[in-house]
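Peer 1: here is a sequence together with a model predicted from it:
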Amino acid sequence: MASAALARLTQLLDSKKLAGTVHRPAGQARAVASTGMADLDRHLAGGWPKGQLSDVSGPASSGRTTVGLATCAAITQQGGVVAWVDVADRLDPASAQAAGVVLDRMLWVRGRLTRTMGDRAVQSGIRAFDLIVRAGGFAVVVCDLADV
């Protein structure tokens, strides 16, 4: 039997619609969003877990942006809305469109990174990300911190 503390934590998470954070009842399917890449979906047991934070990291030119754009393309082509917080203002809209992203269904928050703004740019980007997530209505929110 679960401890009283675990039961209370589960109750609090349920009230915030975060029930799967501690545990998921046996047999309950995990809600996922496609990455837009079949091989990656297989490795992730169907795609990104919905309602959770996922991190894509790697060295330059490892495909991080490609994965983000493929995910945004898959979502926007199905009518969903996505947001891209671009801390260093590196996103190329023409490349996003070429990857299949429906730009009319993407909120693009552009940052401005200068040599003296490093930490402030990151803080502003995370603040924008937080506000967008709290606003709701977005199937996917990408916070691009590459090169920051």
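Peer 2: Thanks, I have it.

Peer 1: what separates the strand or helix carrying Gly68 from the chain centre, distance-wise?
Peer 2: Assessed by DSSP states H and E, Gly68 sits inside helix 64-77. Distance of helix 64-77 from its chain centroid, counting by CA atoms, centre = their mean, to the nearest Å, is 10 Å.

Peer 1: and the angle for the helix or strand following that helix with helix 64-77?
Peer 2: Once helix 64-77 ends, the next helix or strand along the chain (criterion: DSSP H and E) is strand 82-86. Interaxial angle of strand 82-86 relative to helix 64-77 (axes from the mean of the first three to the mean of the last three CA atoms, to 10 degrees): 150 degrees.

Peer 1: quick one: buried residues of strand 82-86?
Peer 2: Within strand 82-86, the residues that qualify as buried are Val82, Ala83, Trp84, Val85, Asp86, counting by 16 or more other CB atoms under 10 Å. Just so you know, the C-beta spots here come from the backbone N, C-alpha and C atoms, and that holds for glycine as well.

Peer 1: quick check, nearest of these to Val122?
Peer 2: Val85 (10.7 Å; CB to CB).

Peer 1: against which helices or strands is the helix or strand Val133 falls within packed?
Peer 2: Per DSSP H and E: Val133 is located in helix 118-135. Counting contacts by 3 or more CB pairs under 8 Å, 6 or more residues apart in numbering; DSSP states H and E, helix 118-135 packs against strand 82-86, strand 106-110, strand 140-144.

Peer 1: rounded mean pLDDT for the last one, please.
Peer 2: Translated: strand 140-144. What strand 140-144 shows for mean pLDDT is 95.

Peer 1: neighbouring strands - and their directions - for that strand?
Peer 2: Strand 140-144 has the following strand partners under DSSP bridges: strand 82-86 (parallel).

Peer 1: could you identify the helix or strand that succeeds the partner strand?
Peer 2: Downstream of strand 82-86, the first helix or strand assigned by DSSP H and E is helix 93-98.

Peer 1: list the residues that contact Trp48.
Peer 2: For Trp48, the contacting residues are Val32, Ala33, Ser34, Thr35, Ser54, Thr71, Val140, by CB atoms under 8 Å, 6 or more residues apart in numbering.

Peer 1: now render those as TSV, adding distance to Leu131.
Peer 2: Converted to TSV, the contacts of Trp48 look like this (distance: CB to CB, whole Å):
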residue	distance to Leu131
Val32	25
Ala33	21
Ser34	26
Thr35	25
Ser54	19
Thr71	21
Val140	16
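
Peer 1: no further queries at this time; thank you.
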